[in-house]
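> Predicted model follows, preceded by the sequence.
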Amino acid sequence: MASTKLLIIGGGTAGIMVAAKFRKEHKNVDVTLLEPGDTHYYQPAWTLVGAGTFDFKKTARSMSSVMPKGVNWVKDKATGFDPENNLVHTEKNGDIPYDYLVVATGLVMEPTMIEGLAEALDKGTVVSNYTNPEYTWEVIRNFKGGNAVFTQPTTPIKCGGAPQKIAYLAADYFRKKGIADKSNVIFATPGTVIFGVKPIAHTLMEVINRYDIHFKPFYAPHRIDSENKIIHFKHSAPEENRCVINEDNSLGETMVGDTDISIPYDMLHLAPPQAAPRFVRESRLANAQGWLDVNINTLQHNRYPNVFGLGDVAALPTAKTGAAIRKQVPVVVNNLVHLMQENKLGSKEYNGYSSCPLVTGYGKMVLAEFDYQNNFTPDPKLKQMLVFNSDKEHWRLWMLKKYGLPYLYWNKMLKGVDV
């Protein structure tokens with residue numbers, strides 16, 4: 001295995017963790033990491049930045065500071081694949097050969113998939129924690145009342161709970177500021193429920209009722225009229241459920257025909273539509289939906305056995321989170337090492353574990369942990385924190401989110417330590 005060359009694409013959470021674990025445990029593998037960026041971000045804290053309770057500067061560190069020692073960092077962009085010849089095309093360095101490839105590119109924002117969003121985003125009162133959380137906080141703290149609309153697209157997104165977290169924090173802030181009585185907080189989603197894990201959904205509906213949030217399921221945003229400050233939705237429910245859509249006159253909501261619903265906004269927060277990077281989704285490594293085509297348990301590519309993928313770019317039917325990556329990395333490394341040494345996969349499999357720290361207000365949080373079947377799977381270690389029901393709001397979970405998880409991320413996860 002001394003001459004084995006492992007190429008990793010992506011210097012985000014997944015790529016750095018895989019590289020670090022290889023350098024820590026399998027030093028005889030030649031690891032090259034392809035990443036053009038200068039900065040590595042701890043993005044889970046951006047929700048808190050958008051609510052004015054975390055310093056954005058503390059979410060960023062130089063890429064060089066998190067790059068594992070002994071890794072050959074090629075500061076360049078991947079532009080395509082030639083998996084038959086074990087090559088990755090790059091922008092400046094030509095073709096890079098590999099024996100084994102790990103694709104950990106993450107995903108990209110695609111605001112043009114919603115008409116008018118690209119022109120409106122991060123201007124006026126249209127904001128997103130996904131692109132500029134500091135600007136989100138500026139708009140929230142200057143909000144004087146009216147409709148505050150929070151929504152998300154029909155595409156998969158990183159951290160699927162993030163669009164509702166900031167809605168809860170904004171609603172809590174409006175109460176503290178004394179403007180709740182003249183504010184309408186609206187959470188509109190293409191989904192059918194507030195959350196797919198039943199115990200968590202029960203708690204979140206209590207949160208929604210506490211803040212008097214207008215919950216709008218089956219609402220898929222498709223057009224933003226920033227000049228008139230109106231967002232348009234399409235009805236996303238099956239035909240038999242159309243009765244759930246009712247005009248809400250208190251919000252100025254109107255319907256045109258059977259499918260177009262418009263709501264005026266004084267503030268609009270949304271997750272932009274998201275997709276795999278273009279060079280991935282247009283490659284032979286992608287599935288029909290444009291995501292990296294890997295086995296959902298082994299994380300090995302379904303057509304190219306020396307290619308693995310994990311993180312946000314992978315076609316996995318679970319939430320795209322850093323917590324998911326934390327469980328995926330040991331599986332990828334174990335399978336790769338066995339493949340390198342024995343020409344067969346190891347015994348580790350990924351069960352779809354993901355986790356969503358759902359901040360429900362300042363000082364309150366619920367922790368959703370679940371698998372591919374949406375079973376609630378709380379970590380037994382939470383009892384050491386005296387948290388016995390993580391499906392209920394708890395201040396200790398808020399402390400975990402604000403202080404514990406960032407520490408674990410920078411000092412354990414990115415160092416190749418299993419946590």
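Yep, it's here.
> For stretch 185-195, the averaged confidence score.
Average pLDDT, stretch 185-195: 96.
> So which bits of it are buried?
185-191, 194-195 (16 or more other C-beta atoms under 10 Å). Using the backbone N, CA and C atoms, a C-beta is placed for each residue, glycine as well.
> Next, format these as JSON lines and append distance to residue 25 and secondary structure.
Converted to JSON lines, the buried residues of stretch 185-195 look like this (distance: C-beta to C-beta, whole Å; DSSP: H, G, I helix; E, B strand; the rest coil):
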{"residue": "185", "distance to residue 25": "48", "secondary structure": "strand"}
{"residue": "186", "distance to residue 25": "49", "secondary structure": "strand"}
{"residue": "187", "distance to residue 25": "43", "secondary structure": "strand"}
{"residue": "188", "distance to residue 25": "46", "secondary structure": "strand"}
{"residue": "189", "distance to residue 25": "41", "secondary structure": "coil"}
{"residue": "190", "distance to residue 25": "42", "secondary structure": "coil"}
{"residue": "191", "distance to residue 25": "40", "secondary structure": "coil"}
{"residue": "194", "distance to residue 25": "41", "secondary structure": "coil"}
{"residue": "195", "distance to residue 25": "36", "secondary structure": "coil"}
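> any chance you could map the helices in the stretch 251-400 of the chain?
Taking DSSP state H, counting those that start in this stretch as the criterion, the stretch 251-400 of the chain contains helices spanning 278-281, 322-342, 395-399.
> which of those helices sits most buried?
Greatest average neighbour count among the helices of the stretch 251-400 of the chain goes to helix 322-342 (a mean of 21), per mean count of other C-beta atoms under 10 Å.
> Let me know the average pLDDT across that one.
97.
> elements contacting it?
helix 13-25, strand 100-103, strand 307-309, strand 354-361 (3 or more C-beta pairs under 8 Å, 6 or more residues apart in numbering; DSSP states H and E).
> Make sure residue 295 is actually in contact with residue 302.
Yes - counting by C-beta atoms under 8 Å, residue 302 is a contact partner of residue 295 at 5.9 Å.
> Tell me which of those two has more neighbours.
Neighbours were counted for residue 295 and for residue 302 using other C-beta atoms under 10 Å; residue 295 has more, 18 against 15.
> and the more buried one, what does it touch?
Neighbour list for residue 295: 301-302 [criterion: C-beta atoms under 8 Å, 6 or more residues apart in numbering].
> go with 6 Å
residue 302 (C-beta atoms under 6 Å, 6 or more residues apart in numbering).
> ok, now residue 12?
residue 106.
> for residue 186, same thing?
Per C-beta under 6 Å, 6+ apart, neighbours of residue 186: 149, 214.
> Would you mind splitting this protein into its domains for me?
5-107+276-349, 111-273 (automatic domain parsing).
> do you know which of those domains lies nearest residue 358?
domain 111-273 (5.1 Å; C-beta to C-beta).
> Quick check: end-to-end length of that closest one?
In domain 111-273, first residue to last residue: 6 Å (C-alpha to C-alpha, to the nearest Å).
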